[in-house]
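Peer 1: pasting a predicted model and its sequence here:
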Amino acid sequence: MSQREFSSNGTGPESRVLSPESRFPELHPALDAHAAAIEANRCLFCYDAPCTAACPTHIDVPRFIKKITTDNLRGSALTILSSNVLGLSCSRVCPVDVLCEGACVMVRENYKPIEIGRLQRFAMDRFYEKPDPTWTTPAPVTHAEKVACVGGGPASLACAAELRRRGYAVTVFDNRPLPGGLNTYGVAEYKLRPQDSLREVEMIRSLGVEFRQSLVGESLSLEEVEKEFALVFLGMGLGTMERLGIPGESLPGVIDALRFIERYKTSPDFRVSGRVVVIGGGNTAIDAANAARRLGAEEVHLFYRRSEREMPAFKSEFDRSKVEGVRFHWLAQPTEVIGFEGRAAAVRFVETRLGDADQSGRRVVVPVPDSQFEFACDLVIPAIGQARLAELLEDTRGISAKNGLVVVDRPTGRTTNPRYFAGGDCINGGREVVDAVADGKRAALAMAAQISS
Ligand SMILES: Cc1cc2nc3c(=O)[nH]c(=O)nc-3n(C[C@H](O)[C@H](O)[C@H](O)COP(=O)(O)OP(=O)(O)OC[C@H]3O[C@@H](n4cnc5c(N)ncnc54)[C@H](O)[C@@H]3O)c2cc1C
């Protein structure tokens, strides 16, 4: 899709060529050594470390921060990596306000929490400037059983790294040209740049993990995988975005949020102009709306069919998009994308009200009669959630799936076929990078234990 397709009139801010750095300055810029030392010295090093308990990968936060205070940055990075091999991306993308920093005792005392995310980034950036050979040298292969990881996102990367460091030969299969999953293609650029995601991939490759590009289930069947590998980890994430299911959504000028984000992350000259409508109320909708503003859109309007109170996006993400200038419209549901001269030119909405709660506890959305209105725009970005990936499991190999998610034994990640384990978005329906890392690591430990038993 060309830049022209997203331009309303070919003039305006889209004609400015901005570097990725100026389009997407980092959300939390790096601390310098002096600022890091001051921040690290604010930490109380609590004996019960609620920050560590709040982290799904249980990074020993007081320990890595203490090492920063003594300028032992190598030790600090190794403390992080030993719990979370994707410590670099997690330091940038984790919603720290609801995880480690949200649990910091300083908050209870009405002080600013320790900036754990930025301190973690400080230690990880130093590590990647000069990776430590004691960490990156491949461990000898000491087990005959080989392991396959399907999908190259955070869940598989964590599983692969953990097993490889324990002496297992591991191959990661991903269908895309670049591994890293949503870290490479999906997470907003102002949080994580593709090159930073790929630095982690390269570090994991340096541990001795093999990467192959292949769509498992199509170019390579699970039966073929089973012939070569003793155990298989499924970390294939979720599928494409859900469709709106309304007339006109296939018109040019409609692009779902995942494709939109992937497009700008992989095309440096990608621009947007005019008036953009984003449909949805989650973090992905917010990411797309913020990006559209940064890419040159004069106006970005986000429509959500419930109210602000029900919006699933994190408050910090919502607050940020208000600063970006995104405008919010509550209680409106799209009913049609209206075309003009062959492309999207407006969206027809109906106003909604909230009825009683359904079985899931969410209040149902009720269209208000005779309340339709049209909203003119140049680009429509639906962001109403990712579909669940059931296709790979259609010939199930004895792997049970429920509502499109792989069913696992939670503590181990083992599926109903003992040769298969799973983790990340394909079991939880879409959470955070750090949850996928925790799942991958847990499954790796269970796989190693199963092989050794
Ligand atoms: C737009 C967006 C923004 C997000 N922002 C954040 C954020 O700021 N912070 C945060 O913590 N989390 C964020 N998340 C969530 C986070 O990205 C995911 O929870 C995490 O990436 C899940 O990891 P995963 O390994 O389970 O799956 P994925 O990252 O989706 O990786 C799965 C990989 O498997 C590949 N694959 C699928 N099927 C096959 C197959 N059959 N054969 C081979 N390969 C296959 C896919 O192409 C993909 O590369 C965001 C998600 C989205 C959609």
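Peer 2: Structure's in. What do you need? On a predicted model such as this, the values are computed, not experimentally measured, just so you know.

Peer 1: okay, CA-based contacts and neighbour counts for the rest of this
Peer 2: OK.

Peer 1: list the contacts for residue 198?
Peer 2: Residues in contact with residue 198, defined by CA atoms under 8 Å, 6 or more residues apart in numbering, are 178-180, 184.

Peer 1: please repeat the previous calculation with a cut-off of 10 Å.
Peer 2: 89, 178-180, 183-184, 204 (CA atoms under 10 Å, 6 or more residues apart in numbering).

Peer 1: then it would be within a helix, right?
Peer 2: Yes: secondary structure of residue 198 (DSSP: H, G, I helix; E, B strand; the rest coil): part of a helix.

Peer 1: looking at it now. What's its pLDDT?
Peer 2: Each residue has a pLDDT score; the one for residue 198 is 97.

Peer 1: same question, residue 404
Peer 2: pLDDT at residue 404 comes out at 87.

Peer 1: ok, residue 266 next?
Peer 2: Looking at residue 266, its pLDDT stands at 89.

Peer 1: just the one 5 residues further on next, same as before
Peer 2: Predicted confidence (pLDDT) at residue 271: the value is 91.

Peer 1: just the ones of the contacts of residue 198 in helices?
Peer 2: 89, 183-184, 204 (DSSP state H).

Peer 1: ok, and which of the residues you listed reach the ligand?
Peer 2: residue 183 (CA under 6 Å from any ligand atom).

Peer 1: which secondary structure element of the chain has the lowest mean pLDDT?
Peer 2: Within the chain, no helix or strand scores below helix 20-23, which has a mean of 64 by mean pLDDT, DSSP states H and E.

Peer 1: which SSE is immediately downstream of that helix?
Peer 2: helix 33-42 (DSSP states H and E).

Peer 1: in PDB, list the C-alpha atoms belonging to the very next helix or strand once past that next one.
Peer 2: Using DSSP H and E, the helix or strand that follows helix 33-42 in sequence is helix 50-54. Taking Å, rounded to 0.1, in the frame of the first residue of the first chain, the C-alpha atoms of helix 50-54 are listed here in PDB:
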ATOM      1  CA  PRO A  50       6.900  -6.900  46.700                       C
ATOM      2  CA  CYS A  51       8.400  -5.800  43.400                       C
ATOM      3  CA  THR A  52       9.900  -9.200  42.800                       C
ATOM      4  CA  ALA A  53       6.700 -10.900  43.800                       C
ATOM      5  CA  ALA A  54       4.700  -8.700  41.300                       C
END
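
Peer 1: is the ligand contacted by helix 50-54?
Peer 2: No: using CA under 6 Å from any ligand atom, helix 50-54 never reaches the ligand; the gap is at least 13.9 Å.

Peer 1: same deal with stretch 408-420?
Peer 2: No: Stretch 408-420 stays clear of the ligand (CA under 6 Å from any ligand atom), getting no nearer than 12.5 Å.

Peer 1: if we go by neighbour counts, what in that stretch is buried?
Peer 2: Neighbour counts over stretch 408-420 (16 or more other CA atoms under 10 Å) mark 408, 412-416, 419-420 as buried.

Peer 1: restricted to helices, list these.
Peer 2: Per DSSP H, those never map to helices.

Peer 1: from the residues you listed, which single one is nearest the ligand?
Peer 2: For the buried residues of stretch 408-420, the residue nearest the ligand by CA to the nearest ligand atom is residue 413; the value is 12.5 Å.

Peer 1: which members of the buried residues of stretch 408-420 are positioned in strands?
Peer 2: In strands, judged by DSSP state E, the following of the buried residues of stretch 408-420 are found: residue 420.

Peer 1: let me have the ones in helices among the contacts of residue 198 in CSV, adding pLDDT and neighbour count as columns.
Peer 2: What follows is the ones in helices among the contacts of residue 198, written out as CSV (pLDDT from 0 to 100; neighbours: other CA atoms under 10 Å):
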residue, pLDDT, neighbour count
89, 97, 26
183, 97, 26
184, 96, 25
204, 97, 24
